[in-house]
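Enquirer: predicted coordinates and the sequence they were generated for:
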Amino acid sequence: MLVEISSIVSGRVSHSRLLTYHRWLRFLFRFLAIALAGLHTLAAASQHSMNADGIAYLDIGDAYFRGDWDAAINPVWSPLYSWILGLVMRLFSPPMRWEFPTVHLVNFAIYLAALASFEFFWRQLMHWVKTTQSEREITLPEWAWMALGYLLFIWSSLVLIEIWAVTPDMLLAVLVYLAAGLVLRVRLGNSRWDTFILLGLVLGFGYLAKAAMLPIAMVFLVASLFSAEDFRRALPYALAALCAFLLISGPYVALISIAERQLTFGEAGRLTYLRHVNGIPYPHWQGDEPGFGFPAHPTRRIFDRPAIYEFGSPIAGTYPVSYNPAYWYEGAVPRLNLEQQARVLLVNALFYFDLFLRQQGGLFVGTLALYLIRAKVYKNGIESRTWAEFWRGWSLGIIALAALGMYAVVLAEGRYVAAFLILLWADLPAGIRLPARQSFHVLTAALSGAMVIFLFANLAIFNLQGYVDLTGNGNPSPVSHNQAPPPAWPGEVAEALHRSGVQQGDKVAMIGYGFDAFWARLARVKIVAEMFAWEADDFWLGDSKFQSRVLQAFASTEAKAVVAENVPSYAPLTGWHRVGDSNYYIYLLNE
């Protein structure tokens, strides 16, 4: 066994046997990718997990398939993910207890599509490396390329994007990998009409998956142009790709621009800048901060202390504030404040520092070491290269750096940059070239093995930690009689509302936080007013007359019931109905 491993490392093995090893290696890593994703999906489905963005995408998907176009066309949430969810919900109409698990099965199917598009992309990359490698040069061994590629894909999909998150980021990854593979085809000399037009179509669907892809798509198109061997010959092809992109993206840009009465390709970026850079309050901005404009139609404050906000019309959705934040923040004007911008850049720089030097430290150090060795081997650091060769060899890295830079200005999160990190880690090792000597064969194999072990260990630790978090440490402490009751499963709250006489389509109010009120989606009710749970002490500690006034304010919104989350143990609960053994309570208005 050791002799065979030594033969593979040193390159002294027959071509047929090497192909057999590579097939088995690819099969094992593909199995690992699917198995781990399946376990993550099973955990998410069994926990009925959901996140705030997912509720908006589900609501919008329903609006499309019932033909409610005014509600469906949305300037904040891109449509492609909603179309997929809406189609599945329309076809299968899962019962309440199966709705969220069904969403996770959809996410798993999207993950499989991402795996297939990644394999297409990575095959093109490995072919590019082989094609550009001379007989006097070596790069990373093929087994290392496969191992690093699959482990990076699994890590970025499960750790950064998170397969259980109900967001379009995995769907975007599908299209980013396809687009990157097509750019590599252009690098390989496949500069043809069909390649460029297909690239434009893929980028157009990328925009429909997430509006942030529009500026990045322009970088993709420029990168594809510079990836071609003949710039002038490729120019009309790139223009055709641009037309294909506009064919897919243009109609939706027109629709949301008409809805917003201004030219826009999406309002998510503006809202994110207002919130995370300018520090505008969210979700109930009332225009109290000078210099940022004045809200045209903010949520309505109907009680001062504790604050109660009403937002029942004219926006649809389970929680209208998150369904279309652009409506409630119309009139807000982003401002460049150097101090605020510098703070955000520093925060995002620290995020990238942690991402590259802690989470990917082994890969970073191994790649850097190989580049330093290369610099020492060749005179003046590197061999002579033309600018055209440089652009061709770094087109994917430039796309990745452009995406990372764009997010650094506003908000950098793992799920936003995951797919682009893979593009960066594709071009970085691809530039490593060392003389074809036995010592360098052993050196590249050793460093490649160390990088593979690091990524595998990182992935193993992440999954083991997730298993511990799900199952507990196995030694639960005794439950105190004074311990606060647990929160309710969202389906319990939905079922309790229906048993109380609240029907689908009814209006409800809440004491809590509407973004996380997943029970409202399951019950098919509309939240029209809320009081934040962390501001509710004045209500719970108030006398009966004060509480009556607060409940009357809720009743004025035409809500049929108030759902209170995380009710404190000291709260007087006359008239409130507890949901099971949880800390959720329901109060029926106008009984």
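Expert: Structure received. Residues are numbered from 1 along each chain as shown.

Enquirer: show me the helices in the stretch 451-591 of the chain, by range?
Expert: Listed in chain order, the helices of the stretch 451-591 of the chain (DSSP state H, counting those that start in this stretch) span 490-499, 518-523, 537-541, 544-555.

Enquirer: give me the mean pLDDT for the third one.
Expert: Pointing back at helix 537-541 there. On average, the pLDDT along helix 537-541 is 93.

Enquirer: what of the last one?
Expert: Rounded to a whole number, the mean pLDDT of helix 544-555 is 95.

Enquirer: can you pull out the residues in contact with stretch 244-256?
Expert: Stretch 244-256 is contacted from outside by 73-75, 79, 196-201, 203-205, 207-208, 214, 217, 221, 263-267, using CB atoms under 8 Å, 6 or more residues apart in numbering. Every C-beta, even on glycine, is put in place using the N, C-alpha and C of the backbone.

Enquirer: check stretch 310-321 too.
Expert: 55-56, 59-60, 63, 68, 71, 283-284, 299-302, 323-324, 327-328, 507, 514-515, 517, 520-521, 525-529, 556-558.

Enquirer: please redo it, this time with the cut-off set to 7 Å
Expert: If you take CB atoms under 7 Å, 6 or more residues apart in numbering as the criterion, stretch 310-321 is touched by 55-56, 59, 63, 71, 283, 299-300, 302, 323-324, 327-328, 507, 514-515, 517, 520-521, 526-529, 557.

Enquirer: buried sites along it?
Expert: By neighbour count with 16 or more other CB atoms under 10 Å, stretch 310-321 contains the buried residues 310, 311, 312, 315, 316, 317, 318, 319, 320, 321.

Enquirer: cool, stretch 581-588 as well?
Expert: For stretch 581-588, using 16+ other CB under 10 Å, the buried residues are 582, 583, 584, 585, 586, 587.

Enquirer: how about stretch 102-119?
Expert: 102-108, 110-111, 113-115, 117-119.

Enquirer: show the buried residues in the contacts of stretch 244-256.
Expert: Burial by neighbour count, judged by 16+ other CB under 10 Å, picks out 73-75, 79, 196-201, 203-205, 207-208, 214, 217, 221, 264-267 from these.

Enquirer: circling back to that earlier point, what is the nearest of the buried residues of stretch 581-588 to residue 232?
Expert: residue 584 (66.8 Å; CB to CB).

Enquirer: how close does that closest one get to residue 563?
Expert: In this view, residue 584 and residue 563 are 7 Å apart by CB to CB, to the nearest Å.

Enquirer: which residues do the two both contact?
Expert: Going by CB under 7 Å, 6+ apart, residues that sit against residue 584 and also against residue 563 are residue 493.

Enquirer: I figured residue 242 hits residue 200, correct?
Expert: Yes. Counting by CB atoms under 7 Å, residue 242 sits close enough to residue 200 to count as a contact (6.3 Å).

Enquirer: need the strands for the stretch 351-500 of the chain, in chain order.
Expert: Counting by DSSP state E, counting those that start in this stretch, one finds strands in the stretch 351-500 of the chain at the ranges 434-435.

Enquirer: equivalent analysis for the chain, please.
Expert: Secondary structure of the chain (DSSP state E): strands at 137-138, 300-303, 308-310, 434-435, 507-512, 526-532, 561-564, 577-578, 585-588.

Enquirer: what packs against the last one?
Expert: Translated: strand 585-588. strand 561-564, strand 577-578 (3 or more CB pairs under 7 Å, 6 or more residues apart in numbering; DSSP states H and E).

Enquirer: partner strands of the shortest one, with direction?
Expert: Spelled out, it's strand 577-578. strand 585-588 (antiparallel) (DSSP bridges).

Enquirer: before we move on, back to that, as TSV, the strands of the chain with distance to residue 465 and mean pLDDT would be great.
Expert: Putting these into TSV (distance: least, CB to CB, whole Å; pLDDT from 0 to 100) gives the following:
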stretch	distance to residue 465	mean pLDDT
strand 137-138	37	86
strand 300-303	43	96
strand 308-310	38	97
strand 434-435	37	87
strand 507-512	29	96
strand 526-532	32	97
strand 561-564	33	97
strand 577-578	34	95
strand 585-588	34	96
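
Enquirer: dump the ones you listed to TSV, plus distance to residue 460.
Expert: Listed next are those as TSV, based on distance: least, CB to CB, whole Å:
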stretch	distance to residue 460
strand 137-138	30
strand 300-303	51
strand 308-310	46
strand 434-435	30
strand 507-512	38
strand 526-532	40
strand 561-564	41
strand 577-578	43
strand 585-588	43
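
Enquirer: which one of those strands lies nearest to residue 408?
Expert: Closest to residue 408 of the strands of the chain, according to CB to CB: strand 526-532, at 31.1 Å.

Enquirer: so which bits of that closest one are buried?
Expert: 526, 527, 528, 529, 530, 531, 532.

Enquirer: want to throw the residues you listed into a markdown table with distance to residue 489?
Expert: As requested, the buried residues of strand 526-532 are exported to a markdown table (distance: CB to CB, whole Å):
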| residue | distance to residue 489 |
| --- | --- |
| 526 | 21 |
| 527 | 18 |
| 528 | 23 |
| 529 | 24 |
| 530 | 21 |
| 531 | 23 |
| 532 | 22 |
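
Enquirer: and which of the residues you listed is nearest residue 490?
Expert: Nearest member of the buried residues of strand 526-532 to residue 490, counting by CB to CB, is residue 527, at 13.0 Å.

Enquirer: what residues does stretch 257-268 touch?
Expert: 73, 75, 76, 78, 211, 214, 253, 256, 326.

Enquirer: that one: end-to-end distance?
Expert: Stretch 257-268 has its terminal residues 13 Å apart, counting by CA to CA, to the nearest Å.

Enquirer: quick check: residue 553 touching residue 305?
Expert: No. If you go by CB under 7 Å, residue 553 and residue 305 don't touch, sitting 11.4 Å apart.
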